[in-house]
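# Build me a structure from this.
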Amino acid sequence: MADYEYGRIRRLDESLRAFGVAPDVAAEILEGGEAVTRRTSPAAKADWMREAMCKMDRLMDPESRQAVRETCACCLGGKRLAITKAIARDNATLEERIAACNDAPFVFGNSVALEGDGSVTVRFFADGEESYRCACLPQAREALPITYCYCCGGHVKKHLQAALGRKLAVTVLETALSSAGKRPCTFSLRFADGG
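Numbering: from 1, shown residues only. Down below sits the predicted model:
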């Protein structure tokens, strides 16, 4: 097993193993990752991640790569989790909880909206900005496959589940990374129980 200094690659390796991805497939995805260190430039880190995500898109089915990337989510505990648990505790109805999520930009970014079809849309930025930049890979020089952004999808899903008290499924619609800075990060969530 390779030793990955860069935390995002180490987490990807752990997730690939946890989901039982074939060792040869995981090795191809992670190729060169041990050379990415804390001292590697942010742009070079983004380049490596782009290549790894392209390999995942080529070598893995959509459901598997989404599951792997969702488990790479960060910022799942601490103050953010305390906020989402308080939303669930202090608000009785779905509408009240959605409104409270809107007042929690530290967790959910720009907006949380209950749509007419029953889905929930979470946006990390407002529409109409001149450009958008990912907080995770701010120096990305080119667009990344949307597969990368399922880590943030996992973040949104986990915290919204805690706030709403319901199981959710997430779809990443578009992101600052997938659009090369042209569109805001937007996630659609549906209640897994169909309600």
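# three-state assignment of Met53?
helix (DSSP: H, G, I helix; E, B strand; the rest coil).
# In space, what's closest to it - neighbours in sequence excluded?
Taking C-beta to C-beta, 6 or more residues apart in numbering as the measure, Met53 lies nearest to Pro145, with 4.2 Å between them; neighbours along the chain are not counted. Backbone N, C-alpha and C define where each C-beta goes, glycine included.
# same question, Arg65
The nearest residue in space to Arg65 (C-beta to C-beta, 6+ apart) is Met56, at 4.7 Å.
# give the contact list for the one you found.
Taking C-beta atoms under 8 Å, 6 or more residues apart in numbering as the contact definition, Met56 lies against Ile29, Arg65, Val68, Arg69, Pro145, Thr147.
# count of residues packed around the residue nearest to Met53?
Residues near Pro145, counting by other C-beta atoms under 10 Å, number 20.
# Which residue lies nearest the spatial centre of this structure?
With distances taken as C-alpha atoms, centre = their mean, the residue of the chain nearest its centroid is Cys152 (1.5 Å).
# I figured that one hits Cys136, correct?
Yes - counting by C-beta atoms under 8 Å, Cys152 touches Cys136, with 7.2 Å between them.
# follow-up on the earlier one: look up how far Ser178 lies from the residue nearest to Met53.
Here the distance between Pro145 and Ser178 works out to 7 Å (C-beta to C-beta, to the nearest Å).
# where does this protein have low pLDDT?
Under the criterion of pLDDT under 70, the regions of the chain flagged as low confidence span 1, 194-195.
# could you redo the last one with a cut-off of 80?
Scanning the chain for pLDDT under 80 picks out the ranges 1-2, 193-195.
# Show me the strands in it, by range?
Here the chain has its strands, by DSSP state E, at 111-114, 120-123, 168-174, 186-191.
# Helices of this protein, start to end?
7-18, 23-30, 42-59, 62-70, 78-90, 94-102, 105-108, 150-164 (DSSP state H).
# possible to save those helices as a markdown table with distance to Tyr132?
Conversion of the helices of the chain to a markdown table gives the following (distance: least, C-beta to C-beta, whole Å):
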| stretch | distance to Tyr132 |
| --- | --- |
| helix 7-18 | 20 |
| helix 23-30 | 27 |
| helix 42-59 | 15 |
| helix 62-70 | 20 |
| helix 78-90 | 21 |
| helix 94-102 | 20 |
| helix 105-108 | 15 |
| helix 150-164 | 13 |
